[in-house]
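S.K.: What follows is a predicted protein model with its sequence.
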Number of protein chains: 2
Amino acid sequence: MDDQDPALRMVHLLRAVTMELDLFAAEFAGRNGLHSTDVRALIHLLDAGRQGVRATPGWLGAQLGVNSASTTALVDRLERLELVRRERDTEDRRRVLLVVRDEAVRLGWSFFGPLIHEMVDSMGSFDEAELAVVRRFLLAMRDVAAAGRRAQQDGSGRE
Amino acid sequence: MDDQDPALRMVHLLRAVTMELDLFAAEFAGRNGLHSTDVRALIHLLDAGRQGVRATPGWLGAQLGVNSASTTALVDRLERLELVRRERDTEDRRRVLLVVRDEAVRLGWSFFGPLIHEMVDSMGSFDEAELAVVRRFLLAMRDVAAAGRRAQQDGSGRE
DNA sequence: ACCGATATTCTCGAACAACGAGATATTAGG
DNA sequence: CCTAATATCTCGTTGTTCGAGAATATCGGT
């Protein structure tokens, strides 16, 4: 039925990939006493650390879309697991900086490392031109999803 | 640093797409009084309905990786929202069949429809050969993620 | 230097999803 | 018929999430 249209099949396939990655993350979370929110937080914190962005509870909460109470509880959990440290900002002492500890980096790598390695490996069967095509495709899908999300948010005030 | 390697950039990009789609689903969930589990359940139920698979609480719980108690509560929520109906199987009366109601199909389409449409639209700028490449790529990534997930599960008994 | 306005984080109490253990109902085999 | 296996549901507990509001720090105007 739908599956005759190549484009629709592609949409379903993309969703299947997303679902697999989510299940992979969920598997990891359960195995390490984390919750899905904690894993997502860890990803954002590692990204921030890699890019030199200074993470704070407020920033993290905004990334994840959770309110301040939940963010405090989240940071408490991460601190108890020794994945981050709270550190007061000396310039603006209202702020708390979230310092990613080595344990978090190690944990992230022990989890994502093998998967990333396999993925990069699997990309060996694509030449540069093909990867460029895929890259263009993924960028397009990301932008469509982001635009759709914003459209949903904006449309909320009307109904 | 990492971002010099094209393959690693591709991994990050794929993750960004996944993240956008997840946020899109979360946005929808919050707006409709659903939880992320409910949305995932809805997706599975719509897939099952489309493919003629007969859904039961046990099957749904297995798909989502939640236990029987949570599954009962989940089906209760979906039934209260009039998205599914419980119907006893006449052949094996231990079983309960989950019938997807029209409301669920409409809700699913009102949510995913515009996004899917935009995605299909966006694929217009790719010719058949290019889509074939992307398709091969996505299949490879899906399989790598699935294999990695199984490896995680199997390795749990050893440590 | 002070006072109110704003920003950032944290505390408290309630709501609710998820879990483990066990109960209930149905089927299948000896 | 009695037992084992299957499928779903009930009960009580745990822990994340939320809204509302408190506590602390910064900034601008007078």
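M.R.: Looks like it came in fine.

S.K.: residues near the one residue in chain A that gets nearest to DNA strand D, how many?
M.R.: Across chain A, the shortest distance to DNA strand D (CB to the nearest atom of the strand) belongs to A:Ala69, at 2.9 Å. Where you see a C-beta, it was placed from the backbone N, CA and C, and this is true even at glycine. Applying other CB atoms under 10 Å in any protein chain shown, we find 9 residues neighbouring A:Ala69.

S.K.: same question, the one 10 residues further on
M.R.: Neighbouring residues of A:Glu79 were enumerated by other CB under 10 Å; the total is 14.

S.K.: With A:Thr72 as the reference, measure out to it.
M.R.: The gap separating A:Glu79 from A:Thr72 is 10 Å, by CB to CB, to the nearest Å.

S.K.: before we move on, what SS does the residue of chain A closest to DNA strand D have?
M.R.: Using DSSP: H, G, I helix; E, B strand; the rest coil, the structure places A:Ala69 in helix.

S.K.: so where do the helices sit in chain A?
M.R.: All helices of chain A, identified by DSSP state H, fall at A:6-31, A:36-51, A:57-64, A:68-80, A:102-122, A:128-154.

S.K.: quick one: average confidence on the second one?
M.R.: The pLDDT scores in helix A:36-51 average 93.

S.K.: returning to what we had before: mind putting the helices of chain A into TSV with distance to DNA strand C?
M.R.: Listed next are these as TSV, based on distance: least, CB to the nearest atom of the strand, whole Å:
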stretch	distance to DNA strand C
helix A:6-31	7
helix A:36-51	9
helix A:57-64	2
helix A:68-80	3
helix A:102-122	17
helix A:128-154	20
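
S.K.: Of the ones you listed, which is nearest B:Leu138?
M.R.: Among the helices of chain A, the nearest to B:Leu138 by CB to CB is helix A:6-31 (4.9 Å).

S.K.: touching DNA strand D at all, that closest one?
M.R.: No: using CB under 7 Å from any atom of the strand, helix A:6-31 stays clear of DNA strand D, with a minimum separation of 10.5 Å.

S.K.: Show me what that helix is packed up against.
M.R.: For helix A:6-31, the contact count by 3 or more CB pairs under 8 Å, 6 or more residues apart in numbering or on different chains; DSSP states H and E identifies helix A:36-51, helix B:6-31, helix B:102-122, helix B:128-154 as packing neighbours.

S.K.: hmm, try it at 10 Å
M.R.: Packing partners of helix A:6-31 (3 or more CB pairs under 10 Å, 6 or more residues apart in numbering or on different chains; DSSP states H and E): helix A:36-51, helix A:102-122, helix A:128-154, helix B:6-31, helix B:36-51, helix B:57-64, helix B:102-122, helix B:128-154.

S.K.: Residue ranges in chain A under the pLDDT threshold?
M.R.: Applying pLDDT under 70 to chain A flags residues A:1-4, A:153-159.

S.K.: Can you tell me which residues in it are near DNA strand D?
M.R.: A:35-37, A:65-70, A:73-74, A:77, A:92-94.

S.K.: Show me what the closest residue in space to A:Leu45 that isn't next to it in sequence bridges to in the sheet.
M.R.: What sits nearest to A:Leu45 in space, not counting adjacent residues and going by CB to CB, 6 or more residues apart in numbering or on different chains, is A:Val100, at 5.1 Å. Beta-bridge partners of A:Val100, counted by DSSP bridges, are A:Val84.

S.K.: Contact partners for A:Val100?
M.R.: For A:Val100, the contact set (CB atoms under 10 Å, 6 or more residues apart in numbering or on different chains) comprises A:42, A:45-50, A:55, A:78, A:83-85, A:108.

S.K.: ChimeraX command for the buried members of those?
M.R.: Burial among the contacts of A:Val100 is assessed by 16 or more other CB atoms under 10 Å in any protein chain shown; the matching ChimeraX selection reads:
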select /A:42,45,46,48,49,55,78,83,84,108
